[in-house]
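A.B. asks: fold the following for me, if possible:
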Amino acid sequence: MRASTENWSGRIPLMIGHCAGMVDLVALPVWVGALIAEYKFEPQRAGGLATLFLIGAVISSLTFAPRFNNIDARWAATGGFALAALAFLGATFVTSYIALAALHALAGASAGCALSFTHGTIARSANPHRLFAIVGLALGVFAIVFLGATPNLIAAFGGRALFATFAAVMAVAALAGAISFPSARLSDDEDLVAEVARLRPAVWYGIAGVSCMALTQAMMFSFLERIGIDRGFGREAVTGVLIALGFVNLFPAPLAAILEKRLSARAVLLAGPILQAAIVLTITLSGSFPAYAGPAIFFAAVMIFTHTFAFGVLAKLDPSARALAGTPAMLMIGAAIGPILGGTLVQAFGYASLGVAAIIIAACGVALFARVHAPDGALAAAPKAVA
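C.D. replies: Next up, the predicted model:
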């Protein structure tokens, strides 16, 4: 069977590629936590390494997205993930900050290239909202396995186990892409740069709004594990929270697919940043384990649910879907700032400062999402009644 976005032969590489390219959405608390605990880096420097990975992804995606129509997506995704695997494998053999920084940047640039072609192909599917929900479900499954296994591997084998795990994830994505990466549905040969230049303002407001949520997500998620450890809840209990978070992450993407026609996309976009900030504030002010664990397990789910609706909205606002090949870069700009911003705030003002920052960022996100609209009223239409 010929691989396409409408059959499982083609969807599986997209699912695995989404998990590999969006690994930060799952791994940041373990990632930054390991850099602090195992490599003895200060919070700002630990967050800086994760930021370098994401900056590399941003620059790479901005470079390759305009060439989405001119490069074979299958080999771009395969090559990108393969090079990222080699970079993370190299990180298992070094301990110096400079070497780790260079390898993080290389891994991010490689994964960012692969993710641009993965997301661009998803955006070219018959129903981008539904397919993005499918790959989001895969990310939820991946989160359970990663968050359940990786902390124990790090405890047993040290910080290099983290990078070995990353290398394995990227290698599997490269192999899956080489076997059956699907072809994108292209309609003509118009250049992506020209297409992006004509995007209506609502698209840019939507992209900026999701970038705000990505900033809060990365800023808080980077220190979710450390907050629990530093407040004396114990590594075993905190690991249990991360595993529970992984299980919860199974539900937002399929739920977003089920509710695609039943909820107002505009209402989801406006509520997302507010709920996200409320959860951050609760976690950072928590003094007991239940107050920490309860909101923590739902934190990533808010981003996944809102992001799924946002992806569908952007696909409607840009029917050609070409600009969506560049959204990994645009979305990761916020994510890239998050770890180092969070590390700087924590180092200077403590964990409570993350909650204050989240409120400010959420206000910006709501203001941006309020400007997102469709000329035909599709986004503002009343949701259908639940049967």
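A.B. asks: tell me which stretches of the stretch 1-150 of the chain form helices.
C.D. replies: For the stretch 1-150 of the chain, applying DSSP state H, counting those that start in this stretch gives helices covering 8-21, 23-37, 43-64, 73-91, 97-123, 128-157.
A.B. asks: and if you look at the stretch 201-350 of the chain?
C.D. replies: Taking DSSP H, counting those that start in this stretch as the test, the helices found in the stretch 201-350 of the chain are 201-221, 224-230, 235-248, 252-258, 265-284, 289-296, 299-317, 327-349.
A.B. asks: any chance of those helices in TSV, with distance to residue 43, mean pLDDT and mean neighbour count too?
C.D. replies: (Glycine included, C-beta is placed from N, CA and C.) Putting the helices of the stretch 201-350 of the chain into TSV (distance: least, CB to CB, whole Å; pLDDT from 0 to 100; neighbours: other CB atoms under 10 Å) gives the following:
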stretch	distance to residue 43	mean pLDDT	mean neighbour count
helix 201-221	12	88	24
helix 224-230	8	90	21
helix 235-248	17	88	19
helix 252-258	29	88	20
helix 265-284	14	94	21
helix 289-296	18	93	18
helix 299-317	19	85	24
helix 327-349	4	82	24
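A.B. asks: and the ones you listed: which comes nearest residue 141?
C.D. replies: Of all those, it is helix 235-248 that lies closest to residue 141, at 8.3 Å by CB to CB.
A.B. asks: ok, for residue 249, nearest residue in space, not its chain neighbours?
C.D. replies: In space, and not counting its chain neighbours, residue 249 is closest to residue 140: 3.8 Å by CB to CB, 6 or more residues apart in numbering.
A.B. asks: was I right about that neighbour contacting residue 256?
C.D. replies: No: counting by CB atoms under 8 Å, residue 140 sits too far from residue 256 to count as a contact (11.5 Å).
A.B. asks: who touches both of those two?
C.D. replies: Overlap of the contact sets of residue 140 and residue 256 (by CB atoms under 8 Å, 6 or more residues apart in numbering) consists of residue 304.
A.B. asks: so who does the closest residue to residue 228 other than its chain neighbours touch?
C.D. replies: Closest residue to residue 228 apart from its sequence neighbours, by CB to CB, 6+ apart: residue 238 at 3.7 Å. By CB under 8 Å, 6+ apart, the contact set of residue 238 is 225, 228-229.
A.B. asks: distance of residue 238 relative to residue 147?
C.D. replies: With distances taken as CB to CB, to the nearest Å, residue 238 is found 10 Å from residue 147.
A.B. asks: thinking again about what came up before, so which of the helices of the stretch 1-150 of the chain gets nearest residue 250?
C.D. replies: helix 128-157 (3.9 Å).
A.B. asks: so which of the helices of the stretch 1-150 of the chain gets nearest residue 360?
C.D. replies: Among the helices of the stretch 1-150 of the chain, the nearest to residue 360 by CB to CB is helix 43-64 (18.4 Å).
A.B. asks: quick check: angle from the closest one to helix 23-37?
C.D. replies: Here helix 43-64 points in a direction 150 degrees away from that of helix 23-37 (axes from the mean of the first three to the mean of the last three CA atoms, to 10 degrees).
A.B. asks: which parts of helix 43-64 are buried?
C.D. replies: Neighbour-count burial for helix 43-64 flags 43-62, 64 (criterion: 16 or more other CB atoms under 10 Å).
A.B. asks: could I have the CA atoms of stretch 77-89 written out in PDB?
C.D. replies: Output of stretch 77-89 as PDB, limited to C-alpha atoms (Å, rounded to 0.1, in the frame of the first residue of the first chain):
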ATOM      1  CA  ALA A  77      12.700  14.200   7.800                       C
ATOM      2  CA  THR A  78      14.800  11.000   7.700                       C
ATOM      3  CA  GLY A  79      18.100  12.800   7.500                       C
ATOM      4  CA  GLY A  80      17.200  15.400  10.100                       C
ATOM      5  CA  PHE A  81      16.200  12.800  12.700                       C
ATOM      6  CA  ALA A  82      19.300  10.700  11.900                       C
ATOM      7  CA  LEU A  83      21.600  13.600  12.400                       C
ATOM      8  CA  ALA A  84      19.800  14.500  15.700                       C
ATOM      9  CA  ALA A  85      20.400  10.900  16.800                       C
ATOM     10  CA  LEU A  86      24.100  11.200  16.200                       C
ATOM     11  CA  ALA A  87      24.300  14.500  18.000                       C
ATOM     12  CA  PHE A  88      22.600  13.100  21.100                       C
ATOM     13  CA  LEU A  89      24.700  10.000  20.900                       C
END
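A.B. asks: give me the contact list for that stretch.
C.D. replies: Applying CB under 8 Å, 6+ apart, the contact partners of stretch 77-89 are 13, 17, 20-21, 60, 103-104, 106-108, 110-115, 117-118, 163-164, 166-168, 170-171, 173-174, 177-178, 181.
A.B. asks: mean confidence for it?
C.D. replies: On average, the pLDDT along stretch 77-89 is 96.
A.B. asks: repeat that for stretch 125-141.
C.D. replies: Averaged across stretch 125-141, the pLDDT comes to 84.
A.B. asks: now stretch 22-34
C.D. replies: pLDDT averaged over stretch 22-34 gives 86.
A.B. asks: export it to CSV, keeping only CA atoms.
C.D. replies: Provided in CSV are the C-alpha atoms of stretch 22-34 (Å, rounded to 0.1, in the frame of the first residue of the first chain):
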residue,chain,number,x,y,z
MET,A,22,8.2,17.6,20.0
VAL,A,23,10.3,15.8,22.6
ASP,A,24,10.7,19.0,24.6
LEU,A,25,6.9,19.0,25.3
VAL,A,26,7.4,15.7,27.2
ALA,A,27,11.0,15.7,28.4
LEU,A,28,11.8,19.2,29.7
PRO,A,29,11.3,18.4,33.5
VAL,A,30,13.5,15.4,33.3
TRP,A,31,15.9,17.1,30.9
VAL,A,32,16.6,20.2,33.0
GLY,A,33,16.4,18.2,36.2
ALA,A,34,19.1,15.8,35.0
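A.B. asks: going forward, begin numbering at 215 instead of 1
C.D. replies: Sure thing, new numbering starts at 215, so read that last one as stretch 236-248.
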